[in-house]
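Trainee: Here's a sequence, model it:
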Amino acid sequence: MSRPAAVLSLPIVAAALVACGGPADEATSRSVEDAPPAASGTLRDPASGAMCAGQDVQVSRDDFHIVLDGTCGDVVVTASRGAINVDHATSLRVEGDHVTVLNRRVGDVVVTGSDNALNLTEAGNVKIGGDRNTVLARNVASVEFEGVSNTVNPSNTPDVHDDGQDNRVL
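Mentor: Presented below is the predicted three-dimensional model:
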């Protein structure tokens with residue numbers, strides 16, 4: 001077959017595979033929840049609307065506004081002055097300042113930055129080393145303070161360890 005004829009036949013072969021239920025048809029019929037986890041990797045400064053697919057996330061650019069879909073691995077925010085909405089994460093670390101986090105379910109949370117606001121539904125152990133942070137949550141496994149003037153307001157009564165000053169669990 002000559003080269004121009006081979007190039008022209010590629011779209012016909014692809015259309016035949018789709019019509020016969022080939023790989024392209026299987027990929028589009030699966031739901032996002034059924035999709036296999038992505039190869040391990042890290043999303044660095046993702047665009048809003050990015051799919052986590054089990055990947056870790058690293059946010060390092062300031063003045064960010066990010067909404068992440070799916071289940072994320074470890075989420076690390078080293079940037080400041082921003083907001084991130086992540087549904088599920090294995091863990092969350094906020095090192096920047098003036099960050100707002102919305103999250104439904106997360107494992108352990110570490111906050112070393114200051115003046116942050118975290119609105120969590122379900123969280124594992126929460127460790128706050130920065131100053132003037134606020135954490136709202138429905139359920140927190142435990143709280144450990146090392147910073148100054150932090151507030152945690154859970155609906156449950158978690159174990160509390162306070163090595164800081166002027167910290168409160170409401």
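
Trainee: Tell me which helix or strand comes right after the helix or strand containing residue 139.
Mentor: Taking DSSP states H and E as the definition, one finds residue 139 inside strand 134-145. Downstream of strand 134-145, the first helix or strand assigned by DSSP H and E is strand 151-154.

Trainee: tell me what that following strand is packed against?
Mentor: strand 134-145, strand 168-169 (3 or more C-beta pairs under 8 Å, 6 or more residues apart in numbering; DSSP states H and E). Heads up, the C-betas are built off the backbone N, CA and C, glycines and all.

Trainee: just the strands in the protein please.
Mentor: Using DSSP state E, the strands of the chain run over 42-44, 56-59, 65-77, 82-94, 99-111, 117-128, 134-145, 151-154, 159-162, 168-169.

Trainee: what sits up against the third one?
Mentor: So the one you mean is strand 65-77. By C-beta atoms under 8 Å, 6 or more residues apart in numbering, the surrounding residues in contact with strand 65-77 are 32, 40, 43, 46-59, 82-96, 99, 101, 106.

Trainee: change it to 6 Å
Mentor: With contact meaning C-beta atoms under 6 Å, 6 or more residues apart in numbering, strand 65-77 is reached by 48, 50-59, 83-86, 88-94, 96, 99.

Trainee: of the helices and strands packed on strand 151-154, which approaches residue 111 most closely?
Mentor: Minimum separation from residue 111 across these (C-beta to C-beta) falls at strand 134-145, 7.6 Å.
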